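A.B. asks: Predicted coordinates and the sequence they were generated for:
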Amino acid sequence: MNLDFSGKLQKISLLLHIAVRHLLGGRFNLFFKNRFKRWLSSMLFFIISAALGIVIAMKGSPVWGAVAFLSLSVILSIVHRLIHGSIPDEARGAYATAVTSVAILGITIAVMTLIVIVSVMDGFSENIQIALLKTTAEVMVSDFDEKLDPRIAKLCLQIDEVKRADPYVESDLLMKIDGLERPIPVKLRGETSSSHKNAGGPDLISGSWNALDSESLVIVGSEMARLYLLRPGDKLWFITSNAALTPLGVMPGMRELEVAGVFKSGFYEIDQSMVITGLQSAQELCGLNGDVTGIDVRGEDPYKAPELAEKIKASLSIPAIVMSWAETRKNLYEAMRTEKTAMFIIESLLILIASFNITSTLFMAIGRKTREIGLLRSLNLSKNEIMFLFAFEGFSIGVIGTLFGLLMGVGFSLYLEHFPVHMPGGGSVYYIDTIPIHLSWGLVAVTSIASILIAAAASVIPAYKASKISPAKALRYE
């Protein structure tokens, strides 16, 4: 029994040794002996180039850091060639090594590209979501007639998953600014100062959220302040529904408020059109008589907002509209999800395309090694063992290429995360000045598994073809 097991181990060891020789070309011992010093010096030169690039990047010049890395790499590769010279012919195996290297390089580039691009897409989605939730409720509780009792907020707070429940007023009004002939449409939002004590709301550029405790102060968006040259202390007039009868006819009501600060949410259209005032002031402007238009509910995790909305809907004993941000901003939410999924599928096709290099590499190896396959079959190697031999070669190419791709993809993503690259024209719409990165280790794991499985699948057909080669025909025609 032990003899059988020992024999199987020896046979597997022999197959692995043959597979490595096929992959690298030439004699394996000579190949490794002549390349070990070359690999060692290449790694040293790469570390020197990378260190120089990182040092320059840390000084605030990531682009020049990348240029320095590439330039020094080229120079050191020339020095490397001059030092080591060419490889002896008996240890070269150049053709087989070159073909294998191309196959590995294809997998490497595909995996690296997939990780970097999907990380950038995740970064964009995360930044947009953070900016969106600064002025959008995770879960919105409202009524059909846009009038709601603010005491419902206390009912929402009784649910375990709810962290905050703030009543608010939101309505479209017309605003008059000195120097403009016509009033401009704005979105008025009334909130309490206590709703901004916790993090997560718009960023305050100037002023204080305590201004919301006053009935005569407002905080305007940064783009509105820039477009209309608004500063703290400027007067704004809001047209209300409280009409008055005058000798000239029925005139709409006017309410004067003073600019007390400027906020920045991260969305251009919000910062250009929204005005935030105190809750009581907004109730008077909209004629709500103590009611509100909705309750802004915040939970523990924005991604679990749909589940939280269902719990709130089941808990409230009164008819109300309960919607998560995924429903109120459904178009944007679905667009981000669809775009990320589509990008992952498209980039996965790169790995599939690169895997064809593995198939072609193995078919070429079978064509060049037909005689050797016949000899192995005549030495009592079974079809399954021949199939294992070539399948292992394809699997090895996939694993090596995936490993290099992961190292380069994760490394480049971390580089972009720590040394952001500024985008041309960035900040004009979503205030994203640099390329955002969100590296998901789940994505890295899925990409690794998918790449290795695709590489293994790509080697099945060539391995099956090799196992079907007849020893007699192989030795007869070769």
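C.D. replies: Good, I have the coordinates.
A.B. asks: Flag every buried residue along the helix or strand residue 128 falls within.
C.D. replies: Element membership for residue 128, per DSSP states H and E: helix 94-133. Of the residues in helix 94-133, those buried by neighbour count under the rule 16 or more other Cβ atoms under 10 Å are 96-97, 99-101, 103-104, 106-125, 127-129, 131-133. (Each C-beta comes from the backbone N, C-alpha and C, glycine too.)
A.B. asks: same thing with stretch 174-184?
C.D. replies: 175-177.
A.B. asks: Stretch 453-462 now?
C.D. replies: Under 16+ other Cβ under 10 Å, the buried positions of stretch 453-462 are 454-459, 462.
A.B. asks: now, which of those lie within helices?
C.D. replies: Counting by DSSP state H, the part of these found in helices is 454-458, 462.
A.B. asks: Of those, which is the nearest to residue 163?
C.D. replies: The shortest approach to residue 163 among these belongs to residue 454, at 43.4 Å (Cβ to Cβ).
A.B. asks: If we ignore the residues flanking it in sequence, what's nearest that closest one?
C.D. replies: residue 355 (4.9 Å; Cβ to Cβ, 6 or more residues apart in numbering).
A.B. asks: Measure how buried that neighbour is and give me the count.
C.D. replies: 26 (other Cβ atoms under 10 Å).
A.B. asks: Residues in a beta bridge with residue 191, which ones?
C.D. replies: As for beta bridges, residue 191 partners with residue 278 under DSSP bridges.
A.B. asks: mind listing the strands for the stretch 351-478 of the chain?
C.D. replies: Read by DSSP state E, counting those that start in this stretch, the stretch 351-478 of the chain holds no strands at all.
A.B. asks: Where does pLDDT dip in it?
C.D. replies: For the stretch 351-478 of the chain, the stretches flagged by pLDDT under 70 are 365-381, 423-433, 471-478.
A.B. asks: try the stretch 51-200 of the chain
C.D. replies: Those would be 60, 85-99, 197-200, if you go by pLDDT under 70 across the stretch 51-200 of the chain.
A.B. asks: related to what we said a few turns ago, could you list which of the buried residues of stretch 174-184 belong to strands?
C.D. replies: Among these, the ones falling in strands (DSSP state E) are 175-177.
A.B. asks: Closest one of the residues you listed to residue 183?
C.D. replies: Using Cβ to Cβ, these come closest to residue 183 at residue 176, 4.6 Å.
A.B. asks: Okay, and the beta partners of the closest one?
C.D. replies: Beta-bridge partners, per DSSP bridges, of residue 176: residue 237.
A.B. asks: Correct me if wrong: residue 450 contacts residue 350.
C.D. replies: No - Residue 450 lies out of contact with residue 350 (Cβ atoms under 8 Å); the separation is 11.3 Å.
A.B. asks: what distance separates stretch 442-453 from the centre of its chain?
C.D. replies: 15 Å (Cα atoms, centre = their mean, to the nearest Å).
A.B. asks: Which SSE is immediately downstream of the helix holding residue 128?
C.D. replies: strand 139-142.
A.B. asks: tell me what that next one is packed against?
C.D. replies: strand 294-299, helix 305-315, strand 321-324, helix 325-328 (3 or more Cβ pairs under 8 Å, 6 or more residues apart in numbering; DSSP states H and E).
A.B. asks: Could you list the alpha-carbon positions for that strand in PDB?
C.D. replies: Once non-C-alpha atoms are left out, strand 139-142 reads as follows in PDB (Å, rounded to 0.1, in the frame of the first residue of the first chain):
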ATOM      1  CA  VAL A 139     -35.600  57.100   4.900                       C
ATOM      2  CA  MET A 140     -38.300  59.700   4.300                       C
ATOM      3  CA  VAL A 141     -41.600  59.600   6.000                       C
ATOM      4  CA  SER A 142     -44.300  61.900   4.500                       C
END
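A.B. asks: Cheers, nothing more for now.
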